[in-house]
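Student: Next come a sequence and a model predicted from it.
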Amino acid sequence: QKEVEQDPGPLSVPEGAIVSLNCTYSNSAFQYFMWYRQYSRKGPELLMYTYSSGNKEDGRFTAQVDKSSKYISLFIRDSQPSDSATYLCAMDNQGGKLIFGQGTELSVKP
Amino acid sequence: DVKVTQSSRYLVKRTGEKVFLECVQDMDHENMFWYRQDPGLGLRLIYFSYDVKMKEKGDIPEGYSVSREKKERFSLILESASTNQTSMYLCASSSAGGNQPQHFGDGTRLSIL
């Protein structure tokens, strides 16, 4: 079993839809959780960075962490074609290394 | 903004060649990382470094080595390139300590013929 599981998709939604992206993990020691966005032929860019359980909002993006269920989510409201990208979750193992999910490919259709 | 620069966006080499991939960061970060990214396999850590002249093996170090002579520069070396090393290579850096987000370069797409 992988430490971090993420459905690779692809996920296709119409413009304006609410998107929910999710990851599950097995290591209860993870404390910090991140979401990266990766456009085609580019490197991943940090989108959200959260600590422990709870919600964090930044514009149209909300990151949610449920440590009791070992489950994290990224919600995108009013999705736009420019949100089309691969989204990777990542978690810190407290050793300075990040453990990444496989990434979910999202396509937002106009 | 953090800037991580990888020397080449695209590179084509032949099997058996020694290949150097260079990465430079401008934020005085202590930690630097090399990953490869392949469809269906996600990001896999090859090597990382917490300080100058220090290196640690990641999950898939075989066939690779690294060099960190200066804090801002981290080089990945393919000692004798093979076709199964055709991949997207990503460099990242982060501040010292755990629980730090990593900042990535735009990658080098390497093809070994």
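Tutor: Now that the structure is in, tell me what you want to look at. Numbers count the residues shown, from 1 in each chain, chains lettered A, B, ... in the order given.
Student: what sits against the closest residue to residue A:1 other than its chain neighbours?
Tutor: Spatial nearest neighbour of residue A:1, excluding adjacent residues (CB to CB, 6 or more residues apart in numbering or on different chains): residue A:26 at 6.2 Å. Every C-beta, even on glycine, is put in place using the N, C-alpha and C of the backbone. Residues counted as contacts of residue A:26 (CB atoms under 8 Å, 6 or more residues apart in numbering or on different chains) are A:1-4, A:70.
Student: and stretch A:101-110, is it in reach of chain B?
Tutor: Yes. Contact of stretch A:101-110 with chain B (CB under 8 Å from any CB of the partner chain) involves A:101-103.
Student: start to end distance for that stretch?
Tutor: End-to-end span of stretch A:101-110 (CA to CA, to the nearest Å): 27 Å.
Student: what's the spacing between it and its chain's center?
Tutor: Taking CA atoms, centre = their mean, to the nearest Å, the mean C-alpha location of stretch A:101-110 is offset from the chain mean by 10 Å.
Student: Contact residues of chain A facing chain B?
Tutor: A:8, A:31-32, A:34, A:36, A:41-46, A:49, A:51, A:88, A:90, A:92-98, A:100-103.
Student: Regarding the residue most central in space within chain B, which helix or strand does it belong to?
Tutor: Against the mean C-alpha coordinate of chain B, by CA atoms, centre = their mean, the closest residue is residue B:34 at 2.8 Å. Under the criterion of DSSP states H and E, residue B:34 resides in strand B:31-38.
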